[in-house]
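# Sequence below, structure please.
(4 chains)
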Protein chains: 2
Amino acid sequence: MNKNKDVVGEDQSGALMADVARLAGVAISTVSRALANPRRVNEKTRAKINAAAKQLGYTPNAMARGLRVGKSNIIMIILPGSLYYGVSQIIPQVLQSINKSLIQGGYNLMIANLDRDEISERHILDLAFGGSVRGAIILSSKLPEVDGRSLANSGLPIVSMLLDMSDAGLQSVVTNDREAVRDVTAELIRLGHRRFFYLAGPEGNYHDVERYGGVLEALEAAGLSKEAVRRSGGRLDYQHGFDIGVQAADDFAGLAEKPTAVIATSDDMAISFVSRIQRAGLSIPDDLSVVSFDGSPVCEFSSPPLSTIEQPVEEMGRAAVELLLDALGQRQNPDCVRTVVRSKLILRESIAPPKI
Amino acid sequence: MNKNKDVVGEDQSGALMADVARLAGVAISTVSRALANPRRVNEKTRAKINAAAKQLGYTPNAMARGLRVGKSNIIMIILPGSLYYGVSQIIPQVLQSINKSLIQGGYNLMIANLDRDEISERHILDLAFGGSVRGAIILSSKLPEVDGRSLANSGLPIVSMLLDMSDAGLQSVVTNDREAVRDVTAELIRLGHRRFFYLAGPEGNYHDVERYGGVLEALEAAGLSKEAVRRSGGRLDYQHGFDIGVQAADDFAGLAEKPTAVIATSDDMAISFVSRIQRAGLSIPDDLSVVSFDGSPVCEFSSPPLSTIEQPVEEMGRAAVELLLDALGQRQNPDCVRTVVRSKLILRESIAPPKI
DNA sequence: TGGTCTATAGCAAACGTTTGCCAAAAATCG
DNA sequence: CGATTTTTGGCAAACGTTTGCTATAGACCA
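This next block holds a predicted model:
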């Protein structure tokens, strides 16, 4: 029946499609079709082939297939090397959510870190131009570009997540940063707050622009002056979110007229800020209300529990993958280049009306 | 000079090695050698080839190479699907550290989530047996195994990280959990504590065994009875670290004779535990000392700042990659299957002598 | 100067798939 | 029952590299 040399311990990554074909008594091409396109081959033969494949523990070689069809099944996610303020908290969730969606579509997820050096840029470009990856999800605002090669014209479908890069023509999945911050600021105003302290991430960053914009909009809507809000942070060199909060606490101490409400653009900075402020003898929310951005689980267990705007990362991940898969399926839809997933304000005890 | 059809907008992922060869006026094989093994080809020719390659923006096709040499340059990291207690905090660092080391060695990092369902197991096995990956770093205690195929005999080099799986014959990179917990427990004893509360992760888990063992060793060394420590947690179904802490606080409330020191096996559970305990009116460290495990940055900003045993994740990541790369380089060294990287106790205000 | 050796470059055969094309067999139809 | 269509399976040519082997051309030695 099987005229193999000596079919016994056929383990190890050994079984080839040819082996399956031989065992099933058919041609290689038939095996290929049976596996990929079941309806192209007789049910009887297919059964034989499947049995043979199973018996041999056959697993198709992905690289051979990839080479032949000219496409890989790997998607790369480009993470900012220095995980900027808020993002580090939510990376595991993002990864998990994206990976799960991708696998369902038959894709795999590869990690690429985009540092500020040329090496990492070159590396990413090699991945893109070397046919290793089929598409990319990018969480950074910078598109790698070296020696004339640019990710932008690599021909790869790219979806941006968290940051709006629709200006660059990239499909973008973001949350409604501006609106969310505007709403929470409005709520603070409603509670009676009139002087605000805004903790910025890297200045000019999309998130900074949007979120600060949200604050200003709320102030304007309430007939308050722009002067009602003071900024802290905004350094251009990346730093840990916690460091930003610490420094902001110092800045706060130096203010003549103390704000009564703080809007932080990440949970990290809010947490370290609160810690330092409390150490300085102030009380939250009695002396100062605090709200932040991200929705890290840890906020629930701060003292006091922190109000935060929750980024729907899992949903955003799913959406990003869906867009990417659509793009891969040739259904180019250049119409909607920006998908907004609504965030959710979680109100906790860190917010109260100002004293007096 | 260049007798190409019309060499102008030669962008897109188009340039092949054949193109480079034609432009440089040499054979394909020469190009290949010039790029991979520079000393095998004349300096003059090499210069021409490099110039041509650059001009065309040539990037070698990774799948073709992989197919030919029978090896991929992708390493997969297997993450436990339900990120168990402590781990979620440190994943981004782990990933970053591992990825950086891998890239230096010319490898890429692919993510694989190992959930508790067969699908994810099968998926990982396909990756392994399909030649897609060259090696694996595993952060889970379970080796995928389905239909007779098992990761263990996939022929892939595997390194375990965080968990000691040297029993299974896997190179393992761990921290000195037992010793670290023993030391900190001894320190608590020295401060005068006699009744302890231990917050467990999944019972029987390597970390649980080691860390709880550390507590017991310290008790014994001090001539105290095993009864001096009460356990909480240890449920087998995975749950968020924060949930464990919340539940532990309930358990604590039910204890007749209150412990004076808490040893938590992750920062997450310590944080939520402390939060609940404080809400119940107890004060840290006056009523209760707390120390935990992981070394998350957020601990510094808890109130009070939490003492924690810092896992040297970056170092462990580097070590794991190094071991893996060694294994790939055929230098099989089955001697030392367990690498211990020392953790670091960070003492903060959450620890004090017991009140009276 | 003839012979031997070494450096350099080319030819062509892999690697394990997929797939266009064709042949045989089976099914359908007039 | 012959002619036409449909199903089914096989052959062989790709896909873009790497690499063993071979051929050429200098270099070196006697």
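# tell me which parts of chain A are close to DNA strand D?
Residues of chain A lying close to DNA strand D by C-beta under 7 Å from any atom of the strand are A:25-30, A:33, A:39-45, A:64, A:67-68, A:70. From N, CA and C alone the C-beta is placed, and that goes for glycine too.
# I'd like to know which of those are buried.
Buried residues within the residues of chain A next to DNA strand D, defined by neighbour count using 16 or more other C-beta atoms under 10 Å in any protein chain shown: A:26, A:30, A:33, A:41, A:45, A:64, A:67.
# Now, those residues that are in helices?
Using DSSP state H, the members of these that fall within helices are A:30, A:33, A:45, A:64, A:67.
# isn't the fourth one right up against residue B:68?
No: with contact defined as C-beta atoms under 8 Å, residue A:64 does not count as touching residue B:68 (10.2 Å).
# The helix or strand bottoming out on mean pLDDT in chain A near chain B at all?
Least confident helix or strand, chain A: helix A:87-104 with a mean of 87, by mean pLDDT, DSSP states H and E. Yes: for helix A:87-104, a contact with chain B is found by C-beta under 8 Å from any C-beta of the partner chain, at A:88, A:91, A:92, A:95, A:96, A:99, A:100, A:103.
# Out of those residues, which two sit at the greatest distance?
The span of these, defined through C-beta to C-beta, is set by A:88 and A:103 at 24.0 Å.
# and the two? which has more neighbours close in?
Taking other C-beta atoms under 10 Å in any protein chain shown, residue A:88 and residue A:103 do not tie; residue A:88 has more neighbours (24 against 18).
# Look at the closest residue to residue A:105 other than its chain neighbours and say how many residues are nearby.
Of all residues not flanking residue A:105 in the chain, residue A:325 sits nearest, at 5.1 Å (C-beta to C-beta, 6 or more residues apart in numbering or on different chains). By other C-beta under 10 Å, 20 other residues sit near residue A:325.
# Quick check: which ranges of chain A have low pLDDT?
By pLDDT under 70, the low-scoring segments of chain A are A:1-13, A:82-88, A:236-239, A:330-336, A:356.
# How are the helices of it distributed by residue range?
Using DSSP H, the helices of chain A run over A:17-24, A:28-36, A:43-56, A:62-69, A:87-104, A:118-129, A:177-191, A:206-221, A:241-253, A:267-279, A:313-328.
# is it possible to export these to CSV including distance to residue B:168?
Listed next are the helices of chain A as CSV, based on distance: least, C-beta to C-beta, whole Å:
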stretch, distance to residue B:168
helix A:17-24, 29
helix A:28-36, 32
helix A:43-56, 26
helix A:62-69, 26
helix A:87-104, 25
helix A:118-129, 33
helix A:177-191, 47
helix A:206-221, 44
helix A:241-253, 38
helix A:267-279, 38
helix A:313-328, 33
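# domains for chain A, by residue range?
For chain A, automatic domain parsing gives the domain ranges A:12-60, A:72-174+A:314-341, A:177-310.
# wait, doesn't residue A:74 sit right on residue A:131?
No: the criterion here is C-beta under 8 Å, and residue A:74 misses it with residue A:131 at 9.8 Å.
# more crowded one of these two?
Regarding residue A:74 and residue A:131, a neighbour count based on other C-beta under 10 Å identifies residue A:74 as having more, with 25 against 21.
# quick one: contacts for that one?
The contact partners of residue A:74, by C-beta atoms under 8 Å, 6 or more residues apart in numbering or on different chains, come to A:107, A:108, A:109, A:110, A:132, A:133, A:134, B:110.
# how many other residues sit next to residue A:76?
Residues contacting residue A:76 under the criterion other C-beta under 10 Å number 25.
# isn't residue A:57 right up against residue B:149?
Yes: here residue A:57 reaches residue B:149: they are 5.3 Å apart, a contact under C-beta under 8 Å.
# distance of the residue of the stretch 151-300 of chain A found nearest DNA strand C from residue A:107?
DNA strand C sits closest to residue A:155 of the stretch 151-300 of chain A, with a gap of 18.5 Å, by C-beta to the nearest atom of the strand. Distance, residue A:155 to residue A:107, using C-beta to C-beta, to the nearest Å: 17 Å.
# With residue A:317 instead?
Applying C-beta to C-beta to residue A:317 and residue A:107 gives a distance of 13 Å.
# quick one, which of the two is more surrounded?
Per other C-beta under 10 Å, whichever of residue A:317 and residue A:107 has more neighbours is residue A:317, with 26 against 22.
# Mind listing the shared neighbours of residue A:57 and residue B:149?
When contacts are counted by C-beta under 8 Å, 6+ apart, residue A:57 and residue B:149 have residue B:129 as shared neighbours.
# Report the closest residue of the stretch 51-200 of chain A relative to DNA strand D.
Across the stretch 51-200 of chain A, the shortest distance to DNA strand D (C-beta to the nearest atom of the strand) belongs to residue A:68, at 3.4 Å.
# and residue A:62, what is it in contact with?
Per C-beta under 8 Å, 6+ apart, neighbours of residue A:62: A:73, B:127, B:130, B:131, B:132.
# Surely the second one and residue B:113 touch.
No: in this structure, residue B:127 is not within contact of residue B:113 by C-beta under 8 Å, at 11.5 Å.
# packing partners for the least confident helix or strand of chain A?
When contacts are defined as 3 or more C-beta pairs under 8 Å, 6 or more residues apart in numbering or on different chains; DSSP states H and E, helix A:87-104 packs onto strand A:74-80, strand A:108-114, helix A:267-279, helix A:313-328, helix B:87-104, strand B:108-114, helix B:118-129.
# Dump these to a markdown table, plus distance to residue A:248.
Listed next are the helices and strands packed on helix A:87-104 as a markdown table, based on distance: least, C-beta to C-beta, whole Å:
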| stretch | distance to residue A:248 |
| --- | --- |
| strand A:74-80 | 21 |
| strand A:108-114 | 27 |
| helix A:267-279 | 5 |
| helix A:313-328 | 24 |
| helix B:87-104 | 23 |
| strand B:108-114 | 34 |
| helix B:118-129 | 42 |
